[in-house]
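Participant: give me a model of this one.
(chains A, B, C and D, ligands or ions: 4)
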Amino acid sequence: MLDQFPIQQVIHQDGHITDEKYKEKISIDKTKDLYYKMLRARLLDKKCVNLQRQGRIGTYVPYEGQEAAQIGSACALDEGDWMFPTYRDHAATLTFGFSMRNLLLNWRGRYEGNVPPEGIHIFPPGIPIASQLLHATGAAWAEKKHGTDRVSLVYFGDGATSEGDFHEALNFGSVFDTPTIFFNQNNGYAISVPMEKQMKSKTIAQKGLGYNIPSVRIDGNDVFAVYFATQEAVERARAGNGPTLIEAVTWRYGAHTTADDASMYRDQKESEIRRQTTDPLLRIERFLKAQSAWEEAWINELESSIMSEIETALEEMESYPDHEFAHLFDHVYDQPTWTIQDQVNEHLAIKRRQTQ
Amino acid sequence: MLDQFPIQQVIHQDGHITDEKYKEKISIDKTKDLYYKMLRARLLDKKCVNLQRQGRIGTYVPYEGQEAAQIGSACALDEGDWMFPTYRDHAATLTFGFSMRNLLLNWRGRYEGNVPPEGIHIFPPGIPIASQLLHATGAAWAEKKHGTDRVSLVYFGDGATSEGDFHEALNFGSVFDTPTIFFNQNNGYAISVPMEKQMKSKTIAQKGLGYNIPSVRIDGNDVFAVYFATQEAVERARAGNGPTLIEAVTWRYGAHTTADDASMYRDQKESEIRRQTTDPLLRIERFLKAQSAWEEAWINELESSIMSEIETALEEMESYPDHEFAHLFDHVYDQPTWTIQDQVNEHLAIKRRQTQ
Amino acid sequence: MSTTDVKTKKLTMIEGVREAMRLMLKENDDILILGEDVGKNGGVFRATEGLYEEFGEDRVIDTPLAESGIIGNSIGLAVNGFRPIVEIQFLGFIYPAFNQLMTHATRLRQRSMGRYTVPLVVRAPYGVGVRAPEIHSDSVEGLFTHMPGIKVVVPSNAYDAKGLLISSLEDPDPVLFLEPLRCYRSSRTEVPDEKYYIDIGKSSVLKTGEDISVFTWGAMVQDTLKAVKELEKTRNISCEVIDLRTLYPLDKNTISSSVQKTGRAAIVHEAPATGGVSNDVISLINDTSFLYLRAPIQRVTGFDTPVPVYSLEQEYLPSAAKIQAAIERAVDF
Amino acid sequence: MSTTDVKTKKLTMIEGVREAMRLMLKENDDILILGEDVGKNGGVFRATEGLYEEFGEDRVIDTPLAESGIIGNSIGLAVNGFRPIVEIQFLGFIYPAFNQLMTHATRLRQRSMGRYTVPLVVRAPYGVGVRAPEIHSDSVEGLFTHMPGIKVVVPSNAYDAKGLLISSLEDPDPVLFLEPLRCYRSSRTEVPDEKYYIDIGKSSVLKTGEDISVFTWGAMVQDTLKAVKELEKTRNISCEVIDLRTLYPLDKNTISSSVQKTGRAAIVHEAPATGGVSNDVISLINDTSFLYLRAPIQRVTGFDTPVPVYSLEQEYLPSAAKIQAAIERAVDF
Ligand SMILES: Cc1ncc(C[n+]2csc(CCOP(=O)(O)OP(=O)(O)O)c2C)c(N)n1
Ligand SMILES: Cc1ncc(C[n+]2csc(CCOP(=O)(O)OP(=O)(O)O)c2C)c(N)n1
Ligand SMILES: [Mg+2]
Ligand SMILES: [Mg+2]
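Facilitator: Ligands and ions are numbered 1, 2, ... in the order given. Sure, this is the predicted structure:
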């Protein structure tokens, strides 16, 4: 299977292009744009880890190391397409148009953190593992029924492939030929459980074989490999040729969440080595340097503009009005049922009494 | 995939052996024994369909046409191995030692119909589709942990492969290398839904590829193909080499159940043609005739001894004491909880009052 | 209901269900039917008979055999403009989809502050009655009244079935539409050809009475009426019988005013007592009508056991004698 | 409990859980632990910390990420000689396994007339408290009291946790062992080193009183005690507080005799009111103690909504003020 699904790469970790055929497809502008998006995501992620340490946000789920996988894929979508993220995919949602303020609000335990700007189709992050894959096939199926060429892209991890819903989604996608990109980020771990304990198969791509779904295995730290593979899958979907399974092989540098201690189950030196070798940002830096297109001024400007964007978002988040009590019950049903309304009335009466 | 998983056959529907290498493995005695078992199952099945029509049993699930698949596989097991049937696999359970009387009691809505003889490991028929596959991996895993060489064999249909539990069971079996035979009877339909609507893949065997589980596709109406393939899988499992997925391609002649009308969704002429061509019993008849080993006296004797066995079982079933009320609550817990006990006491008190 | 103006037909309950679907499929292109064997086969109970032929395979869809898959996909379809009707073949086979219902269908509106909504109707036949194999006869309404974000309705005849299903199909939120198996073909009711509504949340007073309020739903409605009428002949007791029809949200006003009038209550259902919807009714009465109660509220339910194999079904079901004994217990208290 | 003879240690509740598992793993080779991250990682809450090292990967097993798979396999293991302890990472993630619990774990004994039994303990942390993302904080005890064939227990401190888990591990039937997250490390209790039992089905009277019986469990126990003590200072009310500990089967005798003494009752829990276990308690009181009741039974519960995101958790949880108001309502009725 490893032979059948080799890891496809466009830019080697040293920064050289692996195959001349890609040369004309890669402009410096596009490269810089992707680099900017990855840098933006990385700086935000680092900031969030710090915010959590300072108690300014709750438990946080970092994605550092997975920027190329998330951003390369998100960039292959058009407005109007559907994105189904997990709890770890805010580099993708940010890139696809989710607001930074709302993203931060999410980590403050706010419903606003689930709400994208009007017209941007991003689902609330999937929490029960793999369950969102079925929404992605359903929403894409709806597009097909509407007669549009919109697609859905759904993120999920290596661990998620063990759940029954993964299987059912691939089968529905296959049977109804839904325009869906099943985008797997194989970061080698489901919390503490390494891929070898999760499955016997050496690849996730091969799991497409049971459904006659075309699959591809790519270097998930190579933003162009991700971008091109996703583009191809998106084109196939738009053309009415059904779903694709993409396995993007990647790595998370940090712990599963800020509540997790990765050193309990793996040697964190591995992450240190990877930071120097396969890192998605460093690779583009090397590539740009090889093209003599890396300018310190540009990068400094980028950094400072991103930092000020983050600071602004942070301020907006921290000055955001307190969560309204009404959000507890307002949207459970279109109209609260009487049991909810009675409970709310009692709640408010007691509060009033307390403050009297 | 059709190339990768050709349908393996040992005896052609004309009755000739497909490959000389099988010759020495097929004795006339063994052939006659398998034929006897298939005939016994078929006559019982026909009887049950009639009993249902007469209202002497409830809704019945026929398996006619699938005798080779069920019996070839059941014969490859040893006492002490575990069998996990569905609602349609009583040809298999009968062959593996389930009593005919209890089998009939099952169709009378009796718990006794779920209880095998002491020492025979047969689970109550699986009702929620595909859920029993996980019990089969669990029980086999237990055998492995006990250090025995016992295996489990689980039956399931083509439709069952769509459920999440199918996937989870194959993955657990693969990861923990459980000695399990996943025995699929692909009869082309899940009630009314044909395989083409159930999945896009042309084979079920290919579904093993995602789990690195060896798979084989066989002619499920060829009792020797089934028997040999299952034997091989059983040997692999006993030797500690993990699970196998077997796809036995077969056909049910009749309706899904006696409450179903197959002509609503398929042309029943297909079944008539198959009775003349690929039938599992006819094939062995042709084989034995080709070997000049078919004797009318033998077959007549078989039939009459089977019919009298069935009549005896039927009498036993019909004279079996009425279901005790206690069976409603006796085994819900080891000891009834007080809520159950109170309900039972009230029930009995009211009954007593009524009969006074 | 059958005045000269309104054209009606005498329908069985399953025909009422089918009529509602046909009418709504015609009226609203966004409505789809998804399920196992709902297409060519017309459903294992024939609820969707003829709809595949009339509306085609893009609207009446035979899905793969995977309940989580069916409900999960329907959530995606619902969020993206459709109104799926899912048929779960038997309520006892809804469990594989429990996660999709509990964490998604019912929560998406809240999670997204109203951005994404799930107008989804899940139909499921349920309860004892067709001498089916094990697990086919589960009565687990109580699992869903404890699931915030969904409504639960149960018609007991063709008229209510059609009106309730139409209301469910215009409700902006997920509705679990339970179809008691024993009611499918047990009787016929006059049903208007046209569109009409039975409101979700409204019960139906089938018989007024003075001494006790008897609440029930689904297949127990006819059994209860029969038991009550028998009892009224032998004893001088006047019973009010109310078909709840909606199990969440309960019809607070009708329930409480009835109990406040009669001073006594009994609840009859098939499901086990512990965790059963009867307890929601008892709590409602406790909350609203404590001072009116002249006797403990009586529950007549299934046992705290799984629904048994069919040869024991009749022992499991609340009998007329049990219903009568409960009413007498309350009245003689 | 800590006499001079019995060696004790002061443990947090999660340590009590761990101690019970360690003791039983040592004593009984058939006991296995299965779950996500229970091995090397020692569980996401560290409940199994050190057990992988002590008992090895054949006894403390990191499984693939699939709850139906975990429970389904554990059924096979249990039937074939083992006694699995399954850790579900959060109760809100048990739903994918609902079918395996509802139609198999709980029914195999009955279906096979006792031939196959499923001695299985499913442990799951639950409830509000760790400011976790959505769905991690569900309180759905009521789904399982309505599931015939399983028992449901909830300790609220280390002592009860150890004794109840040991009893659960010797119970011949499936037990759902709920671990309230807010209790994991909130306090320490003296816990004997040796083996001891807390009987399933027995509640614990934490405080005797004369005017009202307050029933609760899990994380609400401490909140309730605190609210009650506060109230007793300001008003002349004497409250009896009972930790139910087992939710099915309920402790009928203790509940009914307490209410028969005090004449009033309140029930405090996190879960939504509709379908909540409070209703089972109300029904029990209705059945056993109707004539003793001097006021409607009070429920203090979560809302009939999903447990919200964590910034609204405190609004969702029953507050001291709500508990006190309910008690006053009953006493002043
Ligand atoms: C149904 C369910 N079970 C368990 C969990 C707890 N959980 C959260 S993340 C996670 C691991 C997921 O691993 P993977 O799919 O590889 O994604 P990654 O976290 O590596 O991005 C687990 C077990 C959950 N959220 N949902
Ligand atoms: C979870 C679940 N959903 C639905 C059903 C209803 N049902 C019973 S048999 C069946 C079709 C099964 O088809 P297949 O797996 O091919 O087996 P076959 O009946 O052909 O032997 C269905 C849908 C069920 N028993 N369980
Ligand atoms: Mg991962
Ligand atoms: Mg089939």
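
Participant: where exactly do the helices run in chain A?
Facilitator: Assigned by DSSP state H, the helices in chain A fall at A:28-53, A:67-74, A:90-95, A:100-106, A:132-146, A:164-175, A:195-198, A:223-238, A:269-276, A:280-290, A:296-318, A:338-355.

Participant: what's the answer for the stretch 1-150 of chain C, then?
Facilitator: Ranges of helices in the stretch 1-150 of chain C, per DSSP state H, counting those that start in this stretch, are C:13-27, C:51-55, C:67-79, C:98-100, C:108-111, C:141-145.

Participant: okay, those in a markdown table with distance to residue B:209 next?
Facilitator: Quick note: C-beta positions are derived from backbone N, CA and C, even for glycine. Listed next are those as a markdown table, based on distance: least, CB to CB, whole Å:
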| stretch | distance to residue B:209 |
| --- | --- |
| helix C:13-27 | 40 |
| helix C:51-55 | 34 |
| helix C:67-79 | 21 |
| helix C:98-100 | 27 |
| helix C:108-111 | 35 |
| helix C:141-145 | 37 |
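
Participant: format the ones you listed as TSV; extra columns: distance to residue C:40, mean pLDDT and mean neighbour count.
Facilitator: Listed next are these as TSV, based on distance: least, CB to CB, whole Å; pLDDT from 0 to 100; neighbours: other CB atoms under 10 Å in any protein chain shown:
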stretch	distance to residue C:40	mean pLDDT	mean neighbour count
helix C:13-27	16	98	21
helix C:51-55	6	98	16
helix C:67-79	17	98	30
helix C:98-100	26	98	28
helix C:108-111	32	98	25
helix C:141-145	30	97	28
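
Participant: so for residue D:316, which of those sits nearest?
Facilitator: Closest to residue D:316 of those, according to CB to CB: helix C:108-111, at 12.2 Å.

Participant: near chain A, anything from that closest one?
Facilitator: Yes. With CB under 8 Å from any CB of the partner chain as the criterion, chain A is reached by helix C:108-111 at C:108-111.

Participant: tell me the residues of chain A that contact ligand 1?
Facilitator: A:88, A:127-129, A:157-160, A:187, A:189-191, A:256 (CB under 6 Å from any ligand atom).

Participant: ok, back up a step: between the helices of the stretch 1-150 of chain C, which gets nearest to ligand 2?
Facilitator: Each of those has some distance to ligand 2 by CB to the nearest ligand atom; the shortest is helix C:67-79, at 5.9 Å.

Participant: and the closest one, what other elements does it pack with?
Facilitator: Applying 3 or more CB pairs under 8 Å, 6 or more residues apart in numbering or on different chains; DSSP states H and E, one finds that helix C:67-79 makes contact with helix A:132-146, helix A:164-175, strand C:31-35, strand C:83-87, helix C:98-100.

Participant: tell me the most buried of these?
Facilitator: Among the helices and strands packed on helix C:67-79, helix A:164-175 has the highest mean neighbour count (mean count of other CB atoms under 10 Å in any protein chain shown), at a mean of 29.

Participant: that one vs ligand 3: in contact?
Facilitator: No. Using CB under 5 Å from the ion, helix A:164-175 stays clear of ligand 3, coming no nearer than 12.8 Å.

Participant: quick one: that helix to helix D:67-79, angle?
Facilitator: On the basis of axes from the mean of the first three to the mean of the last three CA atoms, to 10 degrees, helix A:164-175 is oriented at 130 degrees to helix D:67-79.

Participant: run through the residues that contact residue 265.
Facilitator: The chain I'm using is chain A. Residues in contact with residue A:265 (CB atoms under 8 Å, 6 or more residues apart in numbering or on different chains) are A:189, A:192, A:194, D:40-41.

Participant: please go with chain C instead
Facilitator: Taking CB under 8 Å, 6+ apart, we find residue C:265 in contact with C:212-215, C:258-259, C:281-282, C:285, C:293, C:297-298, C:330.

Participant: so which of these reach chain D?
Facilitator: Checking those against chain D (CB under 8 Å from any CB), the matches are C:282, C:293, C:297.

Participant: which one of the residues you listed is nearest residue C:49?
Facilitator: Using CB to CB, the ones next to chain D among the contacts of residue C:265 come closest to residue C:49 at residue C:282, 40.0 Å.

Participant: surely the closest one and residue D:279 touch.
Facilitator: Yes. The criterion here is CB atoms under 8 Å, and residue C:282 meets it with residue D:279 at 6.7 Å.

Participant: so which of those two has more stuff around it?
Facilitator: More crowded of residue C:282 and residue D:279, by other CB atoms under 10 Å in any protein chain shown: residue D:279, with 32 against 26.

Participant: separation between the spatially closest residue to the more buried one that is not a sequence neighbour and ligand 3?
Facilitator: Closest residue in space to residue D:279, ignoring its immediate chain neighbours: residue C:279 at 3.5 Å, by CB to CB, 6 or more residues apart in numbering or on different chains. According to CB to the ion, to the nearest Å, residue C:279 and ligand 3 sit 43 Å apart.

Participant: which elements pack onto whatever helix or strand residue C:279 lives in?
Facilitator: Per DSSP states H and E: residue C:279 is located in helix C:277-289. Judged by 3+ CB pairs under 8 Å, 6+ apart, helix C:277-289 is in contact with helix C:141-145, strand C:246-248, helix C:252-262, strand C:265-272, strand C:298-302, helix D:277-289.

Participant: can you list the domains in the chain?
Facilitator: I went with chain A, as the question did not name one. Here the domain parsing of chain A from automatic domain parsing is A:7-323, A:326-356.

Participant: that answer is for a different chain, and I need it for chain C
Facilitator: Annotated domains of chain C cover C:3-192, C:204-332 [automatic domain parsing].

Participant: would JSON lines of the helices of chain A with mean pLDDT be doable?
Facilitator: Listed next are the helices of chain A as JSON lines, based on pLDDT from 0 to 100:
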{"stretch": "helix A:28-53", "mean pLDDT": "98"}
{"stretch": "helix A:67-74", "mean pLDDT": "98"}
{"stretch": "helix A:90-95", "mean pLDDT": "98"}
{"stretch": "helix A:100-106", "mean pLDDT": "98"}
{"stretch": "helix A:132-146", "mean pLDDT": "98"}
{"stretch": "helix A:164-175", "mean pLDDT": "98"}
{"stretch": "helix A:195-198", "mean pLDDT": "98"}
{"stretch": "helix A:223-238", "mean pLDDT": "98"}
{"stretch": "helix A:269-276", "mean pLDDT": "96"}
{"stretch": "helix A:280-290", "mean pLDDT": "97"}
{"stretch": "helix A:296-318", "mean pLDDT": "97"}
{"stretch": "helix A:338-355", "mean pLDDT": "95"}
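
Participant: okay, those, which one's buried deepest?
Facilitator: Most buried among these, given mean count of other CB under 10 Å as the contact rule, is helix A:67-74, at a mean of 31.

Participant: any bit of that helix sitting next to ligand 3?
Facilitator: No. Against ligand 3, helix A:67-74 shows no contacts by CB under 5 Å from the ion, the least distance being 11.1 Å.

Participant: how far away from the center of its chain is that helix?
Facilitator: 7 Å (CA atoms, centre = their mean, to the nearest Å).
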